[in-house]
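Enquirer: My questions are about this predicted structure, shown below with the sequence.
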2 protein chains.
Amino acid sequence: MRTGKTGRRPGRSGSRERILEAARQRFADHGYDGASIRAIAADADVDPALIHHYFGPKQRLFVAAVELPIDGRDIAPLLSSGPREETGERFARFFLSIWEDPRPRASLSGMLRSAITDAGAAAMIRELLLVRILGPAVAALGVGDPELRVTLLGSQVIGLALLRYVLVVEPLASASLDTVVGAFAPTFQRYLVEPLGP
Amino acid sequence: MRTGKTGRRPGRSGSRERILEAARQRFADHGYDGASIRAIAADADVDPALIHHYFGPKQRLFVAAVELPIDGRDIAPLLSSGPREETGERFARFFLSIWEDPRPRASLSGMLRSAITDAGAAAMIRELLLVRILGPAVAALGVGDPELRVTLLGSQVIGLALLRYVLVVEPLASASLDTVVGAFAPTFQRYLVEPLGP
């Protein structure tokens, strides 16, 4: 896994990057509770104290390790640019482009498993996904009920990720990208910009 | 919890019912892996061997314990009766009526947590939710792509349950039933009976 081919942050590929890589793998494989600092330190070939020095407590390491390749500040302009009636499709393609990439998928799967079994991780996921990522993007659209919309969007995003990528339920797991976009874009479109009544 | 007020199966409220009640509670509190047969037996005040006698291996006990108050044979006529354009709303109200009831909610929450952290439980949930419950209901509607529709429906159903009932994310968790029905009924309507293209 540590091939150094990701090309991110060249020149900082020392112990800090090794710790993050080891943490991502541990959180993905064992969930939040099951990933011990000691094991991560061993995987990264560093002293556990160095992890604390760089990241502080485990929660901070977790947030750093599962950092998405893109954050809310990038989603907002993506959603706001282009035809309003295609907002849902843009969101669907953006969301799928992240999960189709094996590296974030592994982190995100671990994050999702942790969130569902660990209250502390759940709070962090709420913070990360709903407040930091989706919140600003939905707010930038200037529609009513932004907080409710964020949770509606989150419910479909998480359900889709769970069934397609984490639990690998067929035929959704093997459906083509276009099929998945076609199926979910109208849902995202409604949650993002259309009236929410029945 | 064992008040005997549920009124189900009067006259069979002996050790079998006590085992199921204890199992429901353990699975809800500790997930599939964390709920040991020994602990369930202790809670139910029976010998562990009796649990095996009644239910066989843990998997069978789990399926028996989380049994929904209603099954696919009941959902199918509910969805098929009444105006076609209100199918999604009927499904939304039915789904919510189950989760708003604290007893199935506890079982289902435990089931969902188990499904996400345990591969064996995940397979059982797929079988229970998608094949036995939602599968026959969607098939009875006679629309195209029933298998894909079941997974679309499942993704939104699971995401809604997770955010509103398991992770208790606001403002979705405190939203009124009518707000939730209004928000999700059109989604269910599309996944159940409308064309799936973009």
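Expert: Thanks, I have the structure now. Numbers count the residues shown, from 1 in each chain, chains lettered A, B, ... in the order given.

Enquirer: Quick one: residues contacting the residue nearest in space to the middle of chain A.
Expert: Central residue check for chain A by C-alpha atoms, centre = their mean: the C-alpha nearest the mean position is that of A:Leu108, 4.9 Å away. Contacts for A:Leu108 (C-beta atoms under 8 Å, 6 or more residues apart in numbering or on different chains) come out as A:66, A:68, A:98-99, A:161, A:165. Any C-beta I mention is one placed from the backbone N, CA and C, and that applies to glycine too.

Enquirer: measure A:Met111 to chain B for me?
Expert: 12 Å (C-beta to the nearest C-beta, to the nearest Å).

Enquirer: The residue nearest to that residue when sequence neighbours are not counted and A:Leu78, how far apart?
Expert: Leaving aside its chain neighbours, A:Met111 sits nearest to A:Val66 (4.6 Å; criterion: C-beta to C-beta, 6 or more residues apart in numbering or on different chains). A:Val66 sits at a distance of 21 Å from A:Leu78 (criterion: C-beta to C-beta, to the nearest Å).

Enquirer: Would you mind telling me which of the two has more residues around it?
Expert: For A:Val66 and A:Leu78, the more surrounded residue by other C-beta atoms under 10 Å in any protein chain shown is A:Val66, and the numbers stand at 25 against 16.

Enquirer: distance of the closest residue to chain B within chain A from A:Phe184?
Expert: Closest approach of chain A to chain B (C-beta to the nearest C-beta) occurs at A:Gly159, with a separation of 2.7 Å. Plainly put, A:Gly159 is 10 Å away from A:Phe184 if you go by C-beta to C-beta.

Enquirer: of the two, who's got more company?
Expert: Between A:Gly159 and A:Phe184, counted using other C-beta under 10 Å, A:Phe184 has the larger neighbour count: 29 against 24.

Enquirer: dump the residue contacts of that one.
Expert: A:88, A:92, A:156, A:160, B:152.

Enquirer: Isn't A:Leu79 up against A:Ala137?
Expert: Yes. Under the criterion of C-beta atoms under 8 Å, A:Leu79 makes contact with A:Ala137 at 5.4 Å.

Enquirer: that older thread, element containing the residue nearest to the centre of chain A, please.
Expert: A:Leu108 is part of helix A:102-117, with elements assigned from DSSP states H and E.

Enquirer: repeat for A:Ala123
Expert: helix A:119-125.

Enquirer: Dump whichever helix or strand comes after that helix to CSV, restricted to CA.
Expert: Next in sequence after helix A:119-125, counting helices and strands by DSSP H and E, comes helix A:135-139. Output of helix A:135-139 as CSV, limited to C-alpha atoms (Å, rounded to 0.1, in the frame of the first residue of the first chain):
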residue,chain,number,x,y,z
GLY,A,135,-23.7,21.6,5.1
PRO,A,136,-21.7,24.3,3.3
ALA,A,137,-22.6,22.9,-0.1
VAL,A,138,-26.3,22.9,0.5
ALA,A,139,-26.2,26.3,2.2
